[in-house]
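# just to be clear, the model below is a prediction. Sequence and coordinates:
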Amino acid sequence: MERCEIPTVEREEELSRAPIARVDCFRWTDNGYTPRTEAQLVLVRRRGFLVRLTSWETARRAVCRVPDGEVYRDSCMEFFVNFAPEKTGDYLNLEVNPLGTLHAKYGPARAGRRPLPPELERPRVKTEQQPAFWRAELFIPLATIKGLFGKADFAPGDVLRGNFYKCGDDAAFPHYGMWSPVLTESPDFHRPEYFGELALV
């Protein structure tokens with residue numbers, strides 16, 4: 001099982017302090033396409049969690065503009081996380097394409113996931129496209145986490161469960177990358193039993 005430390009910071013600008021989780025396990029295809037992809041995650045004290053996903057991908061597909069649409073068919077980076085594994089098996093799955101289109105749902109598995117309740121603030125999305133790479137930053141407010149998981153107080157020693165992914169089902173070169181390896185016979189990111197540990201420090 002993979003493990004990554006998650007620092008607590010005062011300001012979003014301190015995200016660069018976070019260790020890098022490398023999305024470097026690519027499976028289920030043999031086309032040789034494995035774009036370098038990295039993730040960083042911090043807890044911004046009293047506010048929420050901020051994740052940065054970066055992929056050095058030049059041949060990008062970016063079509064979906066529908067919130068909660070099929071962004072996984074585009075060039076896509078994803079963050080799946082259970083903020084309270086001691087209480088529930090549910091997780092939040094966040095998927096984003098280079099246009100900043102966000103797919104956000106919540107539940108225990110591929111089946112049974114549901115959109116976020118309308119009274120909760122959706123994660124904030126910011127994307128950047130450069131010739132050599134593209135990047136997405138997702139901010140998840142503590143109030144949203146409390147509404148979904150019943151928990152908003154986090155401290156060093158807490159351990160979340162989650163995974164970071166890179167995919168593109170309809171990209172020129174379909175690919176499926178992950179930080180914590182998923183050992184299924186066919187592509188399936190919705191397998192929380194393969195999540196790694198995200199340890200607050």
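The structure has been received and is ready for your questions. Numbering: from 1, shown residues only.

# contacts, neighbours, all on C-alpha from now
Noted.

# contacts only, for the one residue sitting closest to the centre of the chain.
In the chain, the residue lying closest to the centroid (C-alpha atoms, centre = their mean) is F79, at 1.0 Å. Listed by C-alpha atoms under 8 Å, 6 or more residues apart in numbering, the contact partners of F79 are N93, L94, E95, G162, N163, F164, Y165.

# excluding its backbone neighbours, what's nearest it?
Closest residue to F79 apart from its sequence neighbours, by C-alpha to C-alpha, 6 or more residues apart in numbering: F164 at 4.7 Å.

# and what of V159?
A199 (4.4 Å).

# just the element for the one you found, please.
Applying DSSP states H and E as the criterion places A199 in strand 196-200.

# could you say what helices and strands that strand packs with?
Under the contact definition 3 or more C-alpha pairs under 8 Å, 6 or more residues apart in numbering; DSSP states H and E, strand 196-200 sits against strand 3-6, strand 159-167.

# nearest to P35, of these?
strand 159-167 (8.5 Å; C-alpha to C-alpha).

# related to what we said a few turns ago, where does the residue nearest to the centre of the chain fall, phi/psi-wise?
phi -130, psi 120 (degrees, to the nearest 10).

# neighbours of the closest residue to W56 other than its chain neighbours, just the number please.
The shortest distance from W56 to any non-neighbouring residue, by C-alpha to C-alpha, 6+ apart, is to F133 (4.0 Å). Per other C-alpha atoms under 10 Å, the neighbour tally for F133 reads 17.

# OK, contacts around F133?
Neighbouring residues of F133 by C-alpha under 8 Å, 6+ apart: T54, S55, W56, E57, T58.
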